[in-house]
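Colleague: please find the sequence and the predicted model below.
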Amino acid sequence: MKKTMLQAGRILRHEYLRLISVGCILLFAVLPLLTLAFHVTGSDLQYILKDRNFAEAIRNSLLYTTASAVITTVLALVSAYLLNTANLKRKNAFVVLLTLGMLVPTISVGLGLRILFGTNGFLDLLFGWEIEVRGFPGLIMGSVMTSFPATFLILYDALHYEDKGPYDAASIMGISRISTFFRLTVPYLRIALISAFFACFTLIFSDYGMPMEIAGKVKTLPMYLYDQFMSSFQYGRGSIAGFVLLIPAVVSFVFDVVFRDQSVSEKQKRLIDAQRGFSRIAAALIVVLCVLLFLPQLAFISLSFTKSFPNDLSFSLEHIANIFSNTHGVGLTAYIRNSLLLAVLTAVIGTCFAYLLGYLSVRKTGRLGKAIDLLALSTIAIPGLVLGIGYIFLFKSTNGRFYGTVLILIVVNVFHFLGSPYLLAKNCLNKINSEYEVIGETLGISRGKIVAHVLIPSSVSTLVEMFSYFFLNSMITISAVAFLCTYDNQPLSILITTYEKNSNYEMQSVISLIILFLNVLARSVFFAVTSVLDRKQSKEVEGGIGLSRYEFDFLAYLEKNGKGIYSQRKLADDLTITLSNAARLLHELADRDFINLFADGSMEISEKGLHALEPYKVRKAIILAAGFGQRLAPVTLDTPKPLVKVNGVRILDTLLDALYAKEIKNITIVRGYRKEQFDQLLEKYPTIQFIDNPEFNLANNISSAVCAIDRIDRCYICEADLYITNPDIINKYEYCSNYLGAKVAETDDWCFKKHQGYASDYQMGGTDCYQAFGISYWDGEDSEKLKADLRKVYASRGGKENLWEQVPLKIARKNYKLEIRKCHKSDIIEIDNFIELIAADPSYASYPGYEEYSGK
Amino acid sequence: MAEEKSAEIIRCEHINKKFKSKTVLEDISFTVNRGEFLSLLGPSGCGKTTILRMLIGIEKPSSGRIIKDGADITDTAPKDRNIGIVFQNYSLFPNMDVYHNISYALSSRKLSREDIDRKVKEIVETVGLEEHIYKKPKQLSGGQQQRVAIARTLVLNPDIILFDEPMSALDADIKVVLRAQLKEIQKKLRITIIYVTHDQEEAFALSDRIMVLNDLRIAQLDTPYELYHHPADPFVKRFIVDHLNMKVKSIEDCIKEVHP
């Protein structure tokens, strides 16, 4: 009874948490908007409907916003397409450069344009180009520059992760490329394009930082709203303007909610094999775009180092030096501290809250979860300006305790930026196996512990990304914070607006530069953290034991067969796996960049894939060739058996050729009988090294293995008298220790049986077994064991009488799990006696002295 | 006087389950004996997994009782039932190595580090994973992951382990090896296993008894021998007998069937 109550209590606590979260979002994101409505009176509405300025502001805003949103979307689409299609290295670097604009406040971009163009602008001073851009040209130019990064990212991601499956299907059905473009690419991108356009439109429509600098006499809607609040104190009218400002955002949000599921596809890369010429042109265009986008930044950076703009353009560090001094101008230290404090606290609290919301909405089903999801997403739609005003109305009465403190700035930022990080958290948590909590329940591990020990460690890189989003946006925002900060807690970005009012270009530039500098620094730190995490993770996956058996087989197969077109059916057949597994492997390996896929359907192993195979590379081969070869006498009376020619080729050459073909050139031959004759091999195989076994006629071949014992490590150990007809029985890579064997119904040779997948029962002669061929591979771990065991057996009494392979296959078998590497019996011809020699090479039938030895 | 443990370990009595207005199980009653290997077999969507989820306690029956060792556990929390579960995808904790996956449940109980270490090493040996103890799940094959999942539940000495289609993600040739291993582990530890599958062969290869589910109810609960020789109704005959017979038909016969 008590237990059920406890359990009920736990469930209740969980529901409490959800209720509190819903309450928080309602209080801090929804209610502020509703309070706006309470301040609107009938007379306000009447006034504003007749107000010419209002109508003009709307008209202006719609005009330049539409124009710039169209331009931006087209520009973003083209550059996303170029970057996706071009065959370029370091694509991510281009992405970083193209989205650099995200690191400065929009007002700084306006500032940059203002000091670049116009009378006494840099272009005028340097080249005599006097171009007046204030008004619509400047607004459009600035809007394109400020909205480009976000729009580009949406489209770049959409193109990057487009599902390749339909294209494969279309090409199999023989549908032309042009047709697939219109029937697949365009419909696929349509939703992403509309979504990007809306996002871009909203961004431009509600921004007031950039227009502040560059709009000139053109009044925009956000500026109208700002004036109503800050100069005319007409809160009702301002609120109406706020609602109008909300419209595009709401439309955009509804569109996204309705169509989101359709536009999100599985992460599957569509790599297009681009022409070289095309790639160069694409690269050139992107570089030009990067430069153009960077011009405003360049302008304010230059101005920060200019002695006295526009009169004296010589280089000077005066402005920079003044940053920290209070005597000349304003000491910026306090503002930098404000900004960093606000950004860090917003990022910490925001990340925790967004992750909690993600957890509450994804990891447990129920209606409240859906409510949280919708509410959290809806915050994307709220323009910062409107949110800021709502906060004034709602919280003004808490002056000193909440209003007017840093806390309200943090809260408003958290809720203003909540949408995107929440989405990140949600997607990340959605991907994590949903059964961990159930497992935890059955094992008696609490939900909290599962979150702390399993979920959070599995989402560290997402958390860094969320933190980064909150941090960078807090550093550059002016919209909501502008209404709520006080003189004491004002961050850097707001300070720009103060200096804008008295046209102090130097201070504005220096502050913009500081923000840019801090953000670049922060981003580098985030990037470093992420790449350390990534490397750690990929090290875990790829290091040494990283590939699964299937992955290994797949990659080794691709490496061996080179670039080509492999259908999933062929892969499944050749690798003897199921079709669904072949598809899954292909998908996963492409996802990890281990294979390169091309538009024509072909594929090849990538650099990274080769790197992942590296630990499995066969390092060397040790060939045991010391024996006498009694049964081939008289041929072996003066020639060691490995050097006997069969059909004009030395027996050992077949093995050496096979090894050389797979780039295994570190070869050690242990020789004894007629050892000097082996020197002739050096002519053809210069990398061979010899070890002499002085005991070859006293001990069995274990002595030869012991001679080369220090060289045993990730190597083949081979007998020297195998006449190999299929060189592919030697592999460049091996997954684990194995012994070559051919399935036979009956044999009187050495053979073993398969027990639980591994070789066992090594014996002379048997039925329904594997005939052992003297080629085995030893991985790193087993090499160490083998060395120890060989030494032990060799030193034991009578140990020298053993064949070396009896040690791992029989005497110390429990130490090893030797796989049987299957080959066909005809891959190797065994020549154990003279009759077999004649069968392989009839010319030996007339060998002198043969009758005498064969006993005829 | 020590109480003799009865043969019965768990019993379901007249269990009904509805999701909203949709009935998914109707009047399910059965008994499982100690050390038994029972399979729940049926077409997909027949409620096999729902029974499993009710036994483990993450789903409550709409009516009926579950009795374990004589006590009603219908409302007992999952962790107090002493029943373990292995999911289809194993759900190993991805950031922990084999050792910590297994020791995690122990470390949240009051046990000394030595005790935990001893128990984990013991279990690891039982399932034959000694050389993989410090590997992460990603570095293991499907079969090895499954053994970790089994070890993770075994370490708490459960009375029963439930398996939710544990082999369906694996290739056919590995399945056969894993079946043998699973059976071996069960025999070694004499543990009760309730095993959900939709694979007739698998059920026949492993089970002492098989519960065939169809149309919300138990169609037949019997030994493989009885199921095969005396199917209770046409469904069981079609689902079990005909299916297994088809497997042993020659390819020529199958072709003839399609192209008479």
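Modeller: The structure has been received and is ready for your questions.
Colleague: how much space separates residue B:214 from chain A?
Modeller: 27 Å (C-beta to the nearest C-beta, to the nearest Å). For glycine as for every other residue, the C-beta is placed from the backbone atoms N, C-alpha and C.
Colleague: hmm, residue B:45 and that residue touching each other?
Modeller: No - with contact defined as C-beta atoms under 8 Å, residue B:214 does not reach residue B:45; the gap is 10.6 Å.
Colleague: from the stretch 101-250 of chain B, which residue is nearest to chain A?
Modeller: Among all residues of the stretch 101-250 of chain B, residue B:105 sits closest to chain A, at 3.7 Å; criterion: C-beta to the nearest C-beta.
Colleague: just give me the neighbour total for that residue.
Modeller: Neighbours of residue B:105 under the rule other C-beta atoms under 10 Å in any protein chain shown: 21.
Colleague: looking at residue B:214 and residue B:45, which one has more neighbours?
Modeller: More crowded of residue B:214 and residue B:45, by other C-beta under 10 Å: residue B:214, with 18 against 10.
Colleague: so for that one, what's the nearest residue that isn't a sequence neighbour?
Modeller: residue B:235 (5.0 Å; C-beta to C-beta, 6 or more residues apart in numbering or on different chains).
Colleague: contact partners for that neighbour?
Modeller: Neighbouring residues of residue B:235 by C-beta atoms under 8 Å, 6 or more residues apart in numbering or on different chains: B:212, B:214, B:215, B:219.
Colleague: which residues in the stretch 551-700 of chain A form strands?
Modeller: With DSSP state E, counting those that start in this stretch as the criterion, the stretch 551-700 of chain A has strands at A:564-565, A:595-597, A:602-605, A:620-625, A:645-646, A:649-650, A:667-671, A:688-692.
Colleague: and the contacts of residue B:235, which are buried?
Modeller: Using 16 or more other C-beta atoms under 10 Å in any protein chain shown as the burial test, these include B:212, B:214, B:219 as buried.
Colleague: is the first one in a helix, a strand, or coil?
Modeller: Right, the one you point to is residue B:212. Under DSSP: H, G, I helix; E, B strand; the rest coil, residue B:212 falls in the strand class.
Colleague: quick check: which element contains the residue nearest to residue A:712 when sequence neighbours are not counted?
Modeller: Leaving aside its sequence neighbours, residue A:712 sits nearest to residue A:783 (C-beta to C-beta, 6+ apart; 5.0 Å). Using DSSP states H and E, residue A:783 sits within helix A:780-795.
Colleague: name the surrounding residues that touch the helix or strand just after that helix.
Modeller: Using DSSP H and E, the next helix or strand after helix A:780-795 towards the C-terminus is helix A:806. With C-beta under 8 Å, 6+ apart as the contact definition, helix A:806 has outside contacts at A:702, A:762.
Colleague: just to revisit the earlier point, in CSV: the contacts of residue B:235, plus distance to residue A:706.
Modeller: Formatted as CSV, the contacts of residue B:235 follow (distance: C-beta to C-beta, whole Å):
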residue, distance to residue A:706
B:212, 61
B:214, 66
B:215, 70
B:219, 66
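Colleague: how about JSON lines for those residues, with distance to residue A:240 and pLDDT added?
Modeller: As requested, the contacts of residue B:235 are exported to JSON lines (distance: C-beta to C-beta, whole Å; pLDDT from 0 to 100):
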{"residue": "B:212", "distance to residue A:240": "69", "pLDDT": "93"}
{"residue": "B:214", "distance to residue A:240": "65", "pLDDT": "90"}
{"residue": "B:215", "distance to residue A:240": "62", "pLDDT": "85"}
{"residue": "B:219", "distance to residue A:240": "68", "pLDDT": "92"}
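Colleague: farthest pair within those?
Modeller: B:212 and B:215 (10.9 Å; C-beta to C-beta).
Colleague: do you know how far residue A:661 is from residue A:719?
Modeller: For residue A:661, the distance to residue A:719 (C-beta to C-beta, to the nearest Å) stands at 19 Å.
Colleague: these two: which is more packed in?
Modeller: residue A:719 (24 against 12).
Colleague: sorry, back to before: quick check: phi and psi on the residue of the stretch 101-250 of chain B closest to chain A?
Modeller: phi -70, psi -30 (degrees, to the nearest 10).
Colleague: show me what contacts it?
Modeller: Counting by C-beta under 8 Å, 6+ apart, the residues that residue B:105 touches are A:443, A:444, A:445, B:152, B:155, B:156.
Colleague: run a quick neighbour tally on residue 52.
Modeller: Unless you meant another one, I'm taking chain A. For residue A:52, using other C-beta under 10 Å, the count is 7.
Colleague: I was thinking of chain B, sorry if that wasn't clear
Modeller: Neighbours of residue B:52 (other C-beta under 10 Å): 22.
Colleague: ok, back up a step: distance check, the residue of the stretch 101-250 of chain B closest to chain A against residue B:130.
Modeller: 20 Å.
Colleague: picking up where we left off before, identify, from the buried ones among the contacts of residue B:235, the entry nearest to residue A:648.
Modeller: residue B:212 (68.2 Å).
Colleague: contact partners for that closest one?
Modeller: Residue B:212 neighbours (C-beta under 8 Å, 6+ apart): B:41, B:42, B:218, B:219, B:220, B:221, B:227, B:235, B:236, B:239, B:240.
Colleague: hey, what's it bridged with?
Modeller: Residues in a beta bridge with residue B:212, per DSSP bridges, are residue B:41, residue B:220.
Colleague: kindly state the domain boundaries assigned to chain B.
Modeller: B:8-82+B:159-258, B:92-157 (automatic domain parsing).
Colleague: tell me the mean pLDDT over the last one?
Modeller: Mean pLDDT, computed over domain B:92-157, is 86.
Colleague: what about that domain, how long is it end to end?
Modeller: One end of domain B:92-157 sits 18 Å from the other (C-alpha to C-alpha, to the nearest Å).
Colleague: hang on, residue B:218 in a helix?
Modeller: No - if the criterion is three-state DSSP, then residue B:218 is strand and not within a helix.
Colleague: enumerate the residues of the stretch 401-550 of chain A near chain B.
Modeller: A:433, A:435-436, A:438-439, A:441-446, A:449, A:453-454, A:457-458, A:540-541, A:545-546, A:548-549 (C-beta under 8 Å from any C-beta of the partner chain).
Colleague: please work out which residues outside the helix or strand where residue A:718 lies touch it.
Modeller: Using DSSP H and E, residue A:718 falls within strand A:715-719. With contact meaning C-beta under 8 Å, 6+ apart, strand A:715-719 is reached by A:618-624, A:655, A:659, A:664, A:705, A:730, A:774-778, A:783, A:804.
Colleague: summarise which helices and strands whichever helix or strand residue A:497 is part of is packed against.
Modeller: Per DSSP H and E, residue A:497 falls inside helix A:492-501. Secondary-structure packing of helix A:492-501 (3 or more C-beta pairs under 8 Å, 6 or more residues apart in numbering or on different chains; DSSP states H and E): helix A:106-116, helix A:209-214, helix A:333-362, helix A:460-476, helix A:479-484, helix A:505-542.
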